[in-house]
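**Q** Need a 3D model of the sequence below.
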Amino acid sequence: MLLILACTASSCSKEYLEKKPDKALLIPTKLEDFQYLLDNQLFNKFPALNQIASDDLQNTGTLNDLAASYERTTYIWQADMYGGPFVILDWEGPYQQVFYANIILDGLAKFKATAPQEEEYKRIQGSALFFRASALFLLAQNFTKPYDAATASIDPGVPVSLVSDVNQRPGRGTLAGLYEQIIHDLEESSSLLPDVSFYKSRPSRHAAMGILARVYLSMQEYAKAGFYSKACLDIKSALIDYNTLNAAAVNPLPQALTDKNAEGIFYATLNSFSYFNSALTTVDPQLYQLYATNDLRKTVYFSNKGSGLINFKGSYNGNRDLFGGLATDEIYLIRAECLARAGNSTEALSVLNSLLIKRWKSGTFVPLLASNPDETLKLILTERRKELICRGLRWSDLRRLNMDPKFAVSLSRVNNGITYTLEPNNPRYVFPIPENEIQGSGIEQNLR
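**A** So this is what the prediction gives:
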């Protein structure tokens, strides 16, 4: 049964969408079957083309050094990112997650849980809702416009399927409707999940609160983002003291799936591309210079090989794979930003400083001060830039912050003597939908 599911979910092509699977084979019937599906590694793989498109890293060679053509075109923000009807993992992967989640939710609707099974039933249901919401949110960050309350009711979303029947072909709907579904699923999941999960690869209420904070931050609904970030930290707020790490190690941070990584809330990795593993992919020296000498992140996150060659090594996965999940430090920064935007500079700086003291060499950190909320906000956003590098978050931050002229930035890259520029709010901040999906479903393509 699991093999049939894996094969069925392996493609979003027209051929796949036109198949009519036998529901007797596709719908599991036991709670352990549902859990087997939830433990599929695909739920813990997140999109990464947005990481290539962001300004965290740079390529010091030529575009031809990147193996895949869509890596090259993504890196220079080309209008035609894919150059053909490729199967794009960053689109297909989240929709596989939605499909599996719907298989589970459809099966649970027909399952009669006994009294001893009720807690497990709720946890599995909450997990499926969490994964569906997470997948839809990932799609929204890449394939829709940034959320704007003034236009969300008319801006197109992405297709949202709430059933496992692949013959039902929803259109794109609206961005407002997409976010409503994401929030609905997350809120419902938070009422079903345990506060924390024994396995960090599985969802928890802790994780649901954190993702809700992330969702509302992207919507610029800062009061709600602040509420959920506090709710998340109220469950668990532990931080790693970077003074306890071996900064000279190849991978200084403890593995995210172990208890040694106190900050891990939910485990996920970014999809692997040759760009991330290339020796020619380095950190921008200007970004590197933002870190003070006694800021331990300068040695925990980076390996400085001289001559401007600075490699990133600070993945919260504790290995070469880039971390795409949820960690406590991100929630501290969301909480601090929301407090600053509400005009509460004192508490905002207190939250920020409680994070930073764990990042500086013992006895050297001087708490940050600011004279007004605007200055406080600038400090927090600078620390967010420095703390959350290479986690797949920068692209979303650029999309959100570019809507405010005070924080808008132009991205620029020089490759083979050619300068490429991406201006704030450019339509190319929205990725094109893969052409095979357009041909198979007839949905509207994004303008580039």
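**Q** End to end on stretch 384-401, go ahead and measure it.
**A** End-to-end distance for stretch 384-401, by CA to CA, to the nearest Å: 12 Å.
**Q** same deal with stretch 104-113?
**A** Stretch 104-113 end-to-end distance (CA to CA) = 14 Å.
**Q** quick check, distance from that stretch to the centre of its chain.
**A** Centroid separation for stretch 104-113 versus its chain: 29 Å, with CA atoms, centre = their mean, to the nearest Å.
**Q** now swap in stretch 375-382 and tell me
**A** Its chain's C-alpha centre and that of stretch 375-382 lie 22 Å apart, by CA atoms, centre = their mean.
**Q** List the neighbours of it that are in contact with it.
**A** 290, 333, 336-337, 340-341, 345, 348-349, 352, 368, 370, 401, 407 (CB atoms under 8 Å, 6 or more residues apart in numbering). The C-beta positions use only the backbone N, C-alpha and C, and glycine is treated the same way.
**Q** does Ala370 really touch Ser345, like I thought?
**A** Yes: with contact defined as CB atoms under 8 Å, Ala370 counts as touching Ser345 (5.9 Å).
**Q** the more surrounded of those two?
**A** More crowded of Ala370 and Ser345, by other CB atoms under 10 Å: Ser345, with 21 against 18.
**Q** ends of stretch 107-120, how far apart?
**A** Stretch 107-120 has an end-to-end distance of 14 Å (CA to CA).
**Q** how about stretch 158-175: buried residues?
**A** Using 16 or more other CB atoms under 10 Å as the test for burial, stretch 158-175 gives 158-161, 164, 166, 172-175.
**Q** and the longest helix for the protein?
**A** helix 118-143 (DSSP state H).
**Q** How far off centre is that one?
**A** Counting by CA atoms, centre = their mean, helix 118-143 comes out at 14 Å from the chain centroid.
**Q** Show me what the next helix-or-strand element following it is packed up against.
**A** Per DSSP states H and E, helix 118-143 leads on to helix 175-190 as the next helix or strand towards the C-terminus. For helix 175-190, the contact count by 3 or more CB pairs under 8 Å, 6 or more residues apart in numbering; DSSP states H and E identifies helix 118-143, helix 205-218 as packing neighbours.
**Q** dump the residue contacts of Leu89.
**A** For Leu89, the contacting residues are 47, 271, by CB under 8 Å, 6+ apart.
**Q** Look up the pLDDT of Leu17 for me, please.
**A** With respect to pLDDT, Leu17 has a value of 37.
**Q** sorry, back to before: buried only: go through the contacts of stretch 375-382 for me.
**A** Buried members of these, counted by 16+ other CB under 10 Å: 333, 336-337, 340-341, 345, 348-349, 352, 370, 401.
**Q** from the residues you listed, which is closest to Leu31?
**A** Taking CB to CB as the measure, Leu333 is the one of the buried ones among the contacts of stretch 375-382 closest to Leu31, at 37.5 Å.
**Q** you'd agree that closest one is up against Ser354?
**A** No: using CB under 8 Å, Leu333 is not in contact with Ser354, being 11.3 Å away.
**Q** among the helices and strands of this structure, which has the poorest mean pLDDT?
**A** Ranked by mean pLDDT, DSSP states H and E, the weakest helix or strand in the chain is helix 14-18, scoring a mean of 38.
**Q** Thanks a lot, see you next time.
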